[in-house]
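> need a structure here:
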Amino acid sequence: MKRILVTGGLGFIGSHTVVELQNEGFEVVIIDNLSNTSIGVLDKITEITGKKPTFYQIDLRKKEEVKNFFDTNKIDGIIHFAAFKAVGESMQKPLDYYENNIGSLVYLLEEMRDRKLDYFIFSSSCTVYGQADELPITEKAPVKKAESVYGNTKQIGEEIIKDACKAYDLNSIALRYFNPIGAHPSIKIGELPIGIPQNLIPYVTQTAAGIRKELSVFGDDYDTEDGTAVRDYIHVLDLAKAHIAALKRLINKTNKENFEFFNVGTGKGSSVLDVIKTFERITGEPLNYKIVGRREGDITAAYADTTIANKELNWKTEKTLEEALEAAWKWQQQNKS
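Have a look, this model is predicted:
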């Protein structure tokens, strides 16, 4: 049985991926510093799968802690989620983002090099494309100068991995996600940000639940059908399954190059107002929202062409926007505070 390290494994996407890994028979070790999640998620994962993953509370920015972990743990592969991830916040705290997102990545890759480890799945982002010239976005779209510090950390991250793969004969896949939303069907795990949410859907659900007074829609003057920004919202369960497919591709050695990247989305774009109206329709909850100015670092529209991921990973999305929003709302209702 392969032993897989999942960094950020108690976070939103990480926790769902841990569940899928366990369901597929992998042994899972989680590292998380609990900066944007809580230890209670570990128990919820255990309730879903019946197997408690090994957990270490480690800050990956501390090189000694990373080294000590690998000194005492045999690992067969890594899925690396641990990162700061908010576009807006990254513009205010650039150095925090570079230290956390780049430093920790380098330390992990150094351990892989020094210990002759392989199989590295990287949590990348569609932000590497900036504002793409053509939609939907294919993997052939050029990587443009990043519009945000967060996006830049993902671009730099991919370059670092690519160089490491070439120099040290590692194998890695970067998954360029679009916008993950939703919650596990058990409603035991979901997106529960600490403090004020930086992403649209938790802000929507918290507003509907009365936790937030109103929802700010950043800009209605974009060049889109209704003037609001368009994104590709993918159910987190579908996204988690893409990580399993990518990991198996490396383990089975069916990858065509030692560094590959794939777009992971639904292929369908939805505007912010689309999301609000869909949420109101399926939940019957009216949303108090107001239009405000654009947010620095945001782009007009991004949605994926997933043809290559569908074929090469033998994976495709199964869940709809409605299902994802419904799950997110059920999750919110269970977590009132």
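
> Could you use CA atoms for every contact and neighbour count after this?
Will do.

> Go ahead and confirm residue 235 touches residue 319.
Yes. Applying CA atoms under 8 Å, one finds residue 235 in contact with residue 319, separated by 6.3 Å.

> Please identify which of the two sits among more neighbours.
Shown here are residue 235 and residue 319; by other CA atoms under 10 Å, residue 235 has more neighbours (27 against 15).

> pull the helix or strand with minimum mean pLDDT from the chain.
In the chain, the helix or strand scored least confidently by mean pLDDT, DSSP states H and E is helix 87-92, which has a mean of 91.

> name the helices or strands packed onto that helix?
When contacts are defined as 3 or more CA pairs under 8 Å, 6 or more residues apart in numbering; DSSP states H and E, helix 87-92 packs onto helix 149-168.

> wait, isn't residue 153 in contact with residue 95?
No. With contact defined as CA under 8 Å, residue 153 does not count as touching residue 95 (10.5 Å).

> what about the two, which has more around it?
The neighbour comparison of residue 153 against residue 95 (other CA under 10 Å) goes to residue 153, with 27 against 12.

> re earlier: and the next element down the chain from the least confident helix or strand of the chain?
Downstream of helix 87-92, the next assigned helix or strand under DSSP states H and E is helix 94-98.

> Show me what counts as buried in that next one.
Residues of helix 94-98 classed as buried: 97-98 (neighbour count, 16 or more other CA atoms under 10 Å).

> helices or strands next to that helix in the packing?
Going by 3+ CA pairs under 8 Å, 6+ apart, helix 94-98 lies up against helix 149-168.

> Distance of residue 101 relative to residue 249?
Relative to residue 249, residue 101 is positioned 25 Å away (criterion: CA to CA, to the nearest Å).

> Mind checking which of those two has more residues around it?
More crowded of residue 101 and residue 249, by other CA under 10 Å: residue 101, with 24 against 19.

> Now that one: closest residue in space that isn't a chain neighbour?
Distances taken as CA to CA, 6 or more residues apart in numbering place residue 83 nearest to residue 101, at 5.1 Å, with adjacent residues excluded.

> Check the gap between that neighbour and residue 89 for me.
Applying CA to CA, the value for residue 83 to residue 89 is 13 Å.

> who has more neighbours, the two?
The residue with more neighbours, out of residue 83 and residue 89, is residue 83; 24 against 18, by other CA under 10 Å.
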